[in-house]
Every structure is written in C-alpha cells, then in structure tokens.
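**Student:** Dropping the sequence and predicted coords here.
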Amino acid sequence: MDEMDRKIIGLLQQDGRMDDVEISRRVGVSHDTVKRRRTRLEEVGYINIKANINPCKLGYSNVFFLGITLIPGSDTRKIAEKIASMREFFFVSLSLGPTHSIVAACFARDQMTLNNIVENLRTWKEIEKIETNIIYEVLKSGYHNISVDDL
C-alpha cells in the first residue's frame, strides 16, 4: 500500500459511493489507475464497501452487548463462531481478561426479544455466565473508520 492507495481509501471513507472518475479527479491520476487500484484493494481485503443501515429506522430501538464467560476447557473460538452464525448478532469477538470470554452485540426490537436470546444461550452447557449491557446512547461509532494517516 502506498500514498495513492491511502488517498483512495480516505476518499472512499468520506463517501463509499464516490465513483472512480471523481476519485481520479481528486487525486490527479487516470480513471483506469483508480479502477485498477480500487479493485486490488477490494480483492486483497484492505477495503470492503457496504451499506450501513440505521437499525432504529427498522424498528430495532435496543442494542445490547453481552459479556459471555465460558466454563474452563471450552473451545472459545468454536462457541464464538456458533454465536456469530446466529442472525441476531452483528458483532462477536474473542476477548482476553480475567477469563477468556466472548463479547457479542445484537439488536432487538424489545427487551423480551433480548430475554429470549439470553435464555437460549443459557441452555448451552459451555456458557458459565452472561452479563447484559443495554446501550442507551452511542457517543462514537466507527470501528472500521481508521484514519488513513494511521495506515
């Protein structure tokens, strides 16, 4: 990755729908160069262009983070992958700390839906404890918005 790639990524972070012609105008190279570089950045996995939805507009007024502690000896990755396969979860990660655990986040239309999700997880023999946090306000979001200056 060079400075030109960083410029292209920076522009796409501002507007993921920006076309190659506009990017080429702004960075001062040909349209073909931008197209080739953007394609390569996508193919090797540096960037992934997607639409971000507004869950509140779709009736999901609640966001929940779950801290899931497993019983000793459990295959943390296997359980995390099983949770990640569930459609209710949009974020699943492995974490280190006092215990190996899983941090997962889901949207729910109401707290009863959350209760059903948690009660289902409690039936899994590998899960020792689930701590639920209700997110009531987001002050910053942008896990994937790393500044191109840091690349």
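**Tutor:** Looks like it arrived, so ask away. Numbering: from 1, shown residues only.
**Student:** Pop the domain breakdown of this structure in here.
**Tutor:** Structural domains annotated on the chain: 3-43, 55-135, as defined by automatic domain parsing.
**Student:** could you show me where the strands are in this structure, in order?
**Tutor:** Assigned by DSSP state E, the strands in the chain fall at 62-70, 89-95, 101-108, 127-135.
**Student:** and the gap between R37 and D20?
**Tutor:** 9 Å (Cβ to Cβ, to the nearest Å). For every residue, glycine as well, the C-beta is placed using N, CA and C.
**Student:** S30 too?
**Tutor:** 9 Å.
**Student:** Of these two, give the one with the bigger neighbour count.
**Tutor:** D20 (18 against 11; other Cβ atoms under 10 Å).
**Student:** thinking the more buried one is in contact with R38, fair?
**Tutor:** Yes: taking Cβ atoms under 8 Å as the definition, D20 is a contact partner of R38 at 6.4 Å.
**Student:** number of nearby residues for the nearest residue to L114 once chain neighbours are set aside?
**Tutor:** What sits nearest to L114 in space, not counting adjacent residues and going by Cβ to Cβ, 6 or more residues apart in numbering, is A108, at 4.5 Å. Neighbour count for A108, taken as other Cβ under 10 Å: 19.
**Student:** From what I see, A108 and E88 are in contact.
**Tutor:** Yes: between A108 and E88 a contact is recorded at 7.3 Å, counting by Cβ under 8 Å.
**Student:** joint contacts of those two?
**Tutor:** I117 (Cβ atoms under 8 Å, 6 or more residues apart in numbering).
**Student:** ok, now which ones touch the residue nearest the centre of the chain?
**Tutor:** In the chain, the C-alpha nearest the mean C-alpha coordinate belongs to F91, at 5.5 Å (Cα atoms, centre = their mean). Contact analysis of F91 by Cβ under 8 Å, 6+ apart lists V103, A104, A105.
**Student:** Minimum distance to I49: which of the domains of the chain has it?
**Tutor:** Across the domains of the chain, I49 has its closest neighbour in domain 3-43 (4.9 Å, Cβ to Cβ).
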